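Chemist: Would you be able to build a 3D model of this:
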Amino acid sequence: MVKMPHWPKPVGLLQNETSLQRMQEILSRLGNPQRNLPPTVHVAGTNGKGSTIAFLRAMLEAAGKIVHSYTTPHMVEFNERITLAGKQISDDYLFEIMERVRLAAEGLRLGFYESTTAGALLAFSEVKADYLLLETGMGGRLDATNIIENPIITILTTIAKDHTKFLGEDLRLIAGEKVWIVKEGSLCISSLQEDEVYPVIENWCEKKNVPFLAFGADFVVEKIEDGMIYRTQQGEWQYPKPALLGDHQYVNAASAICAAKALGVGEGAIAAGLQSAKWASRMEKISRGFVPEGWEFWLDGAHNPAAAHAIAGFIEDEWVDAKTTYLIYGTTRGRDTAEFLQRFYGLVDHIACVKVNFEPDAYDGEEIKNSIDFESSSAHASIRDAVKYLHSQNPAPARILCCGSLFMRGDI
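Modeler: Numbering: from 1, shown residues only. As a prediction, the model looks like this:
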């Protein structure tokens, strides 16, 4: 597996007003693979996209379906982004499709995300599958994946403030960017949203004459001791606990169940998918040699305030013992570190600020430490250095939560 494809290099243009024009041109040169895709479920939102796809993919595969998926970013190897018939794309095929894109792109100023999305669509068009689960990268209106014309289902996961440099601070405007993936002829499913977001989605669906199913109005979920209850106006169904941890995962699971039912997936496959879903770096308990004996090390990709709220809720509900809890935090430049970390005040005993070395443009640990007001904090050059420091201060068994960036997985 490769950390990056041989072409293009991850520098250059970002999405902008002409992104879809460039996508249309490169795909035209490649024979318009976007018109020869399996039935597609298109997913946009701020938090929960990957988890929702993981649940839905597991349900479909439990039903015997062949599934492609496209998710971003990758955490260690680029191949993670493109799953063909349940398996990560091979190095050889990745090289082949990207070389074809490179040759076809002569004279075009394509960005990295546009180029690799074009390659992914090419691969998805050439390998047979029953479904494609397609995740947007950022926003929706100008996202390179929005070149597809006829998704059968669009899912809008929880919309919150993130990438504000590009999408702004107004939730209604952010939602207004994301709803562009909803096309005529599809079904729109919305996860749990802030009250001000629902009307934006509903108005768009009315404009496009698209059926709209909203969490809280058309379907809900209730967490129970031995699982969950999924309710609609048509009835209720009891399912086992989701394999992914945290109350927010019950919401993501509900959106996946709603989509699975719309696709005709049976109850047994839905239950099996809930239990078998895997999604790396989502409250994942990690075992590594650098973790001291008797200590717990948990990794989560949470990197915006809404995600911090969800993870803090998990800590409050689940980590109720007296074990010392430490937070190791690192993130990319431009994020509001103070707002993110404030949610953990009173829940952790120490915040160790680190540089995420796998992140292309990460804050130094000292920069983060200087931006927060927490009585017990430290700065370190790496995650491993932070673990060593914490163990030196307290050899007794303790618990570490590591979060702030999906790229932290690359560092461990």
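Chemist: low pLDDT regions in this structure?
Modeler: Under the criterion pLDDT under 70, the flagged ranges of the chain are 1-2, 11-18, 162-168.
Chemist: for the helix or strand where residue 255 lies, packing partners?
Modeler: Per DSSP states H and E, residue 255 falls inside helix 247-262. Applying 3 or more Cβ pairs under 8 Å, 6 or more residues apart in numbering; DSSP states H and E, we find helix 247-262 packed against helix 49-62, strand 153-156, strand 187-190, strand 219-224, strand 227-232, helix 267-276, helix 305-318. For every residue, glycine as well, the C-beta is placed using N, CA and C.
Chemist: how about it: buried residues?
Modeler: 248-261 (16 or more other Cβ atoms under 10 Å).
Chemist: now do stretch 128-142
Modeler: 129-142.
Chemist: Could you dump those residues into JSON lines and include secondary structure and distance to residue 192?
Modeler: Output for those, formatted as JSON lines (DSSP: H, G, I helix; E, B strand; the rest coil; distance: Cβ to Cβ, whole Å):
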{"residue": "129", "secondary structure": "coil", "distance to residue 192": "29"}
{"residue": "130", "secondary structure": "coil", "distance to residue 192": "28"}
{"residue": "131", "secondary structure": "strand", "distance to residue 192": "24"}
{"residue": "132", "secondary structure": "strand", "distance to residue 192": "25"}
{"residue": "133", "secondary structure": "strand", "distance to residue 192": "20"}
{"residue": "134", "secondary structure": "strand", "distance to residue 192": "22"}
{"residue": "135", "secondary structure": "strand", "distance to residue 192": "18"}
{"residue": "136", "secondary structure": "coil", "distance to residue 192": "18"}
{"residue": "137", "secondary structure": "coil", "distance to residue 192": "22"}
{"residue": "138", "secondary structure": "coil", "distance to residue 192": "21"}
{"residue": "139", "secondary structure": "coil", "distance to residue 192": "20"}
{"residue": "140", "secondary structure": "coil", "distance to residue 192": "18"}
{"residue": "141", "secondary structure": "coil", "distance to residue 192": "22"}
{"residue": "142", "secondary structure": "coil", "distance to residue 192": "25"}
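Chemist: contact partners of the helix holding residue 255?
Modeler: 41, 47-48, 51-53, 55-56, 59-60, 153, 155, 157-158, 187, 189-192, 213, 215, 218-221, 223, 228, 230, 239, 242, 244, 269-270, 273-274, 282, 310, 313-314, 317 (Cβ atoms under 8 Å, 6 or more residues apart in numbering).
Chemist: if we can go back for a sec, closest one to residue 294 out of the buried residues of helix 247-262, please.
Modeler: Set against residue 294, the nearest of the buried residues of helix 247-262 by Cβ to Cβ is residue 249 (27.2 Å).
Chemist: how about the helices in the stretch 301-412 of the chain?
Modeler: Taking DSSP state H, counting those that start in this stretch as the criterion, the stretch 301-412 of the chain contains helices spanning 305-318, 337-342, 365-371, 383-393, 408-411.
Chemist: from the helices and strands packed on helix 247-262, which stretch is densest packed?
Modeler: Highest mean neighbour count of those: strand 153-156, a mean of 28 (counted as mean count of other Cβ atoms under 10 Å).
Chemist: helices and strands around that strand, which ones?
Modeler: Against strand 153-156 (3+ Cβ pairs under 8 Å, 6+ apart) you get strand 40-44, strand 187-190, helix 247-262.
Chemist: Rebuild the ones you listed as CSV, extending it with distance to residue 89.
Modeler: CSV is the format used below for the helices and strands packed on strand 153-156 (distance: least, Cβ to Cβ, whole Å):
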stretch, distance to residue 89
strand 40-44, 17
strand 187-190, 27
helix 247-262, 23
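Chemist: Ok, which of the ones you listed comes nearest residue 375?
Modeler: Nearest of those (Cβ to Cβ): helix 247-262, 28.4 Å.
Chemist: so residue 236 makes contact with residue 228?
Modeler: No - shown here, residue 236 and residue 228 do not form a contact pair, counting by Cβ atoms under 8 Å, at 10.4 Å.
Chemist: From residue 65, how far off is residue 77?
Modeler: 25 Å (Cβ to Cβ, to the nearest Å).
Chemist: These two: who's more crowded?
Modeler: Ranked by neighbour count (other Cβ atoms under 10 Å), residue 77 and residue 65 place residue 65 first, with 17 against 14.
Chemist: in what helix or strand does residue 123 lie?
Modeler: Judged by DSSP H and E, residue 123 forms part of helix 112-126.
Chemist: hey, C-alpha coordinates of that helix in PDB?
Modeler: Provided in PDB are the C-alpha atoms of helix 112-126 (Å, rounded to 0.1, in the frame of the first residue of the first chain):
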ATOM      1  CA  PHE A 112      -4.900  16.800  -6.000                       C
ATOM      2  CA  TYR A 113      -8.400  16.100  -4.800                       C
ATOM      3  CA  GLU A 114      -9.900  16.600  -8.300                       C
ATOM      4  CA  SER A 115      -7.400  14.300  -9.900                       C
ATOM      5  CA  THR A 116      -7.700  11.500  -7.300                       C
ATOM      6  CA  THR A 117     -11.500  11.700  -7.300                       C
ATOM      7  CA  ALA A 118     -11.400  11.400 -11.100                       C
ATOM      8  CA  GLY A 119      -9.200   8.300 -10.700                       C
ATOM      9  CA  ALA A 120     -11.600   6.900  -8.100                       C
ATOM     10  CA  LEU A 121     -14.600   7.400 -10.400                       C
ATOM     11  CA  LEU A 122     -12.800   5.700 -13.200                       C
ATOM     12  CA  ALA A 123     -12.100   2.600 -11.000                       C
ATOM     13  CA  PHE A 124     -15.600   2.500  -9.700                       C
ATOM     14  CA  SER A 125     -16.900   2.500 -13.300                       C
ATOM     15  CA  GLU A 126     -14.700  -0.400 -14.300                       C
END
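Chemist: what angle do it and strand 40-44 make?
Modeler: Compare the direction of helix 112-126 with that of strand 40-44 by axes from the mean of the first three to the mean of the last three Cα atoms, to 10 degrees and you get 160 degrees.
Chemist: so who does the residue nearest the centre of the chain touch?
Modeler: Residue closest to the mean C-alpha point of the chain, counted by Cα atoms, centre = their mean, is residue 50 at 3.5 Å. Counting by Cβ under 8 Å, 6+ apart, residue 50 makes contact with 71, 135, 279, 282.
Chemist: In contact with the nearest residue to the first one once chain neighbours are set aside, which residues are there?
Modeler: Here the nearest residue to residue 71 in space, its sequence neighbours aside, is residue 135; by Cβ to Cβ, 6 or more residues apart in numbering that works out to 4.7 Å. Under the criterion of Cβ under 8 Å, 6+ apart, the contact partners of residue 135 comprise 43-44, 49-50, 53, 69-72, 145.
Chemist: Great, nothing more from me.
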